[in-house]
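Asker: fold the following, please.
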Amino acid sequence: MSRAHRSLNLSPGGPAVNVALMDDFLAAPPDFFTFARDDGRKKRRRPRLTHDPERVIVCARSAKFLNSKGGCLMVRNESDLETITEDLLTLPLVFSVLVKRYHKSGSTSIAEKGKAVVIVNTQHPVIKEHFEKLLSKAMRLMRKGKRFALEFDFNKVIEEWMQSAFVWAGHDDGDTSCLDRQALYVSMHGKVTVTNHGRKAEVFACRDVIKSEELAMWWALCFPCCLCVCPVYKVQRALLVTDLGGRVEGVNVIVFLPLGELGSVPSVTQAPLPSVGDSIVAGREEN
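Answerer: Purely as a prediction, here's the structure:
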C-alpha cells in the first residue's frame, strides 16, 4: 500500500523547528525520504527510510534511518568542515529524539515515553544566523589548528514544546520549579555536534527528578562522585578543546503531522502560540 507524503514549509518564512511522532512520520514522511526495499531474508521488516543526501542531512540516532550521520559529525580538515557547513546552511536537518514525561498520580510516579522526529528549517532567519555565526567560529579554530566541538542542542525547545502542549490542554499547571514540580519533561538525543575532537559529556544535569525528596536523594547519591569527577573532566576538557554553541533558543516548535495520543492524555488540537499537538508516547511505566 502506498504511503502519502506530507509537504513542509522549509522556506525562510516557514517554522524554525518541526516535530512529529515517529509513527506519524513513518506513515507520511516528507518527499526527500523513501522506504527501503525489503531484501526478503526476514519476514516483514519494520519500515526503514533512506534519504536524498542532496536534499536533507540526517543525524538521527535510530535504526529506522539508514545511512544516518548520527549525532556527532567528525571533521578532519578544512575541506570536511566546509562541506558540513554548506550542508547545514542549505539543507534541512533531521534527527530523532527520545521524549519522556514524568508525573505524579497520588503516590504513584508515572513515566510516559515515546520517540519523535525533528526537522530543523535551516533557512529560518534565527536558525540560519545562529548556525552561520558558530560555524564561522569553528572554521577560524580549524585554520589555527585548534580542537573544537560545536554543539547545536535542541532538547530544551523540544521540552518547552511538550510542556506547553500539556499546559494548554489543562494536564499540567506549568510549574517549572525544580523542587516542587508535579511533572517533568525530558528530551534526549536532540543534539548535533560538529567536531574535530569529540562531543562534550553531559555532567551535573538535574533531570528525571520530580519531587523534592527525589532531588535530595539524587544529590546524596551522585553529588560526591560528581564532585570528584566533574571538575577534573571540565579542566581537562578546557585545556584540550574549545566548546562552542549549546542550547538553541528563541525558536518555537510546530507540529507538522497529525499526532496521536500520549499515554492516557486525550487528543490535543493545535494551539495558536506555539502550535502544539498532543504528545508523544509509545509506552508507560509505573513506579
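Asker: what sits up against the helix or strand containing residue 50?
Answerer: Residue 50 is part of strand 49-51 when elements are defined by DSSP states H and E. By Cβ atoms under 8 Å, 6 or more residues apart in numbering, the list of residues contacting strand 49-51 from outside reads 26, 29, 32-36, 58, 64-67, 94. Placement of C-beta: from N, CA and C, glycine included.
Asker: quick one, which of those are buried?
Answerer: Neighbour counting over the contacts of strand 49-51 (16 or more other Cβ atoms under 10 Å) leaves 26, 29, 32, 33, 58, 64, 65, 94 as the buried ones.
Asker: following the strand holding residue 50, which helix or strand shows up next?
Answerer: The C-terminal neighbour of strand 49-51 among helices and strands, as given by DSSP H and E, is strand 57-58.
Asker: partner strands of that next one, with direction?
Answerer: Partner strands for strand 57-58, per DSSP bridges, with pairing direction: strand 93-105 (parallel).
Asker: what comes up buried for the partner strand?
Answerer: By neighbour count, with 16+ other Cβ under 10 Å as the criterion, the buried positions of strand 93-105 are 93, 94, 95, 96, 97, 98, 99, 100, 101, 102, 103.
Asker: and those as TSV, adding pLDDT and distance to residue 138?
Answerer: Putting those into TSV (pLDDT from 0 to 100; distance: Cβ to Cβ, whole Å) gives the following:
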residue	pLDDT	distance to residue 138
93	97	16
94	97	21
95	97	19
96	95	24
97	94	24
98	92	27
99	90	29
100	89	31
101	87	35
102	83	35
103	79	39
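Asker: nearest to residue 191 among the residues you listed?
Answerer: Closest approach to residue 191 among those (Cβ to Cβ): residue 95, at 8.3 Å.
Asker: report the contact partners of that closest one.
Answerer: Counting by Cβ under 8 Å, 6+ apart, residue 95 touches 58, 59, 60, 61, 71, 117, 118, 120, 154, 189, 190, 192.
Asker: now the last one, which residues is it bridged with?
Answerer: Okay, so that is residue 192. Partner residues in beta bridges with residue 192, using DSSP bridges, are residue 152.
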